[in-house]
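**Student:** Build me a model:
(one chain, ligands or ions: 1)
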Amino acid sequence: MFETLPAPKLDGIIALMQAFADDPRAEKVDLGVGVYRDEYGRTPVMRAVKAAEARILEAQDSKSYLSLAGDRAFLEAMETLLLGGSVPGARVAAVGTPGGTAAVRQICELIKRARPEATIWVSAQTWPNHLPLIAAAGMQSRPYRYLDRESGALDREGFFADLEQMAAGDVVLLHGCCHNPTGVDLSLQDWAETAALIERRGMVPFVDMAYQGFGVSLDADAGGLRHLAARLPEVLVAASCSKNFGLYRERVGLAMAVVEPGLRDTLAGTLAGLNRQSFAFPPDHGGRVVSTILGDTALRHGWQGELDAMRIRVAENRRALAEAIRAETGSDRFGFIAAQNGMFSLLPLAPAEVETLRDKHAIYMLGDGRVNMAGLNAETIDVTARAIAEVLQAR
Ligand SMILES: Cc1ncc(COP(=O)(O)O)c(C=O)c1O
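**Tutor:** Next up, the predicted model:
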């Protein structure tokens, strides 16, 4: 049966992780994998998560099935965190999913059921997994312009011109904040213009929120989503708690549809049905950790402090790397790094230059120049800046 099965292509990130692990050089620097790292390169369990887990361990008296949508307390807490009261609860249908990845997939499946002929538009550079997830649901995707490689900022003209080309009923996938891989976010003004354009042309926005709290603040990072939800009749959302709660391997996320109140129950039932036919019940533990933290004043306060510290560390690394490259090169070409949000930036380096950084300097980043700013620390910032300057000089 399997003789004709093509050998799977090795995922670029997984291959890079393997190459890094196999590299014997002590000075190696990992800027590849997309998880938060502290200054020692660790991804620790957050203290608020440990405390919530202790409470759950003590109090939980059953592991029986919950509903197909998952734990109600988790969904309500996340609705508030994401939407901040911008729309009445009667407009919101949501189900738990195994991480943000499955949330993206379930929303694509939902679109397929409602409008299989729709195109899902994605930013030209996007999280690499968006494309296979859309294709796996049997939907077609097309790119819209987003990053201006010269300035490292939004290509506003290209972005809005491409939005104008989309057909009514098409879906626009937008990153809620901390765009992966570019680090370029829409300003509130951009979000307002986007909402007005989407309203005028009749598309449906689909917001992927994987880094709430890593950009500016929990509320500011959700500002664009809240604006869309308050203004437009339909908004789709895929959210992940992997990064902001550090719950990566617990697989916790949710798929949400904000619709007119009369459609809410249909959407809730359809999303639950989609869960049923793929994994049935979403994992519970991570969601319960999240609702325990968000539902307790002290735990929530502690969690926000830990999240703030992660965000500040990444922002500080951005500022320091931009400054160090400026000092090494005498140019502000990489100054955009300091102005962007979240863990990722796309460095304007050719694939051969990325290879030189890896082979000669033991600095690992993705082939397209994506770096994870959390992978840097006080020691490696200068080393990295010097290596980048050397590579640029050889141009
Ligand atoms: C833009 C984006 N969406 C969704 C996800 C999914 O995250 P997870 O499935 O680990 O919750 C990620 C993770 O890297 C991401 O960067």
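**Student:** Those residues of the stretch 151-300 of the chain touching the ligand, which are they?
**Tutor:** 175, 180, 208, 210, 240, 242, 248, 253 (Cβ under 6 Å from any ligand atom). C-betas here are computed from N, CA, C, even on glycine.
**Student:** What residues are bridge-paired with the first one?
**Tutor:** Meaning His175. When assigned by DSSP bridges, His175 has beta-bridge partners Asp208.
**Student:** how about it, what does it touch?
**Tutor:** 123, 126-127, 185, 207-210 (Cβ atoms under 8 Å, 6 or more residues apart in numbering).
**Student:** Surely Leu186 is in a helix?
**Tutor:** No. Secondary structure of Leu186 (DSSP: H, G, I helix; E, B strand; the rest coil): coil, not part of a helix.
**Student:** For stretch 371-386, give the mean pLDDT please.
**Tutor:** Confidence over stretch 371-386, taken as the mean pLDDT, stands at 96.
**Student:** swap in stretch 47-65?
**Tutor:** Here the mean pLDDT over stretch 47-65 is 97, rounded to a whole number.
**Student:** go on, stretch 325-335?
**Tutor:** 95.
**Student:** Flag every buried residue along that stretch.
**Tutor:** Going by neighbour count (16 or more other Cβ atoms under 10 Å), the buried part of stretch 325-335 is 325-326, 328-329, 334.
**Student:** Touching it from outside, list them.
**Tutor:** 152, 321-322, 337, 347-348, 385-386, 388-389, 392.
**Student:** one more time with 10 Å, if that's ok
**Tutor:** Contacts to stretch 325-335, defined as Cβ atoms under 10 Å, 6 or more residues apart in numbering, come from residues 150-152, 321-324, 337-338, 345, 347-348, 381-382, 384-390, 392-393.
**Student:** Can you say which of these are buried?
**Tutor:** With neighbours counted using 16+ other Cβ under 10 Å, those contain these buried positions: 152, 321-324, 337-338, 345, 347, 381-382, 384-390, 392.
**Student:** re the thing from before, select only the buried ones of the residues of the stretch 151-300 of the chain next to the ligand in PyMOL?
**Tutor:** Applying 16+ other Cβ under 10 Å to those leaves a buried subset, and the PyMOL line that selects it is:
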select buried, resi 175+180+208+210+240+242+248+253
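**Student:** want to throw the residues of the stretch 151-300 of the chain next to the ligand into a markdown table with secondary structure and pLDDT?
**Tutor:** Shown next, in a markdown table, are these (DSSP: H, G, I helix; E, B strand; the rest coil; pLDDT from 0 to 100):
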| residue | secondary structure | pLDDT |
| --- | --- | --- |
| His175 | strand | 98 |
| Asn180 | coil | 97 |
| Asp208 | strand | 98 |
| Ala210 | coil | 98 |
| Ser240 | strand | 98 |
| Ser242 | coil | 98 |
| Tyr248 | helix | 97 |
| Gly253 | strand | 98 |
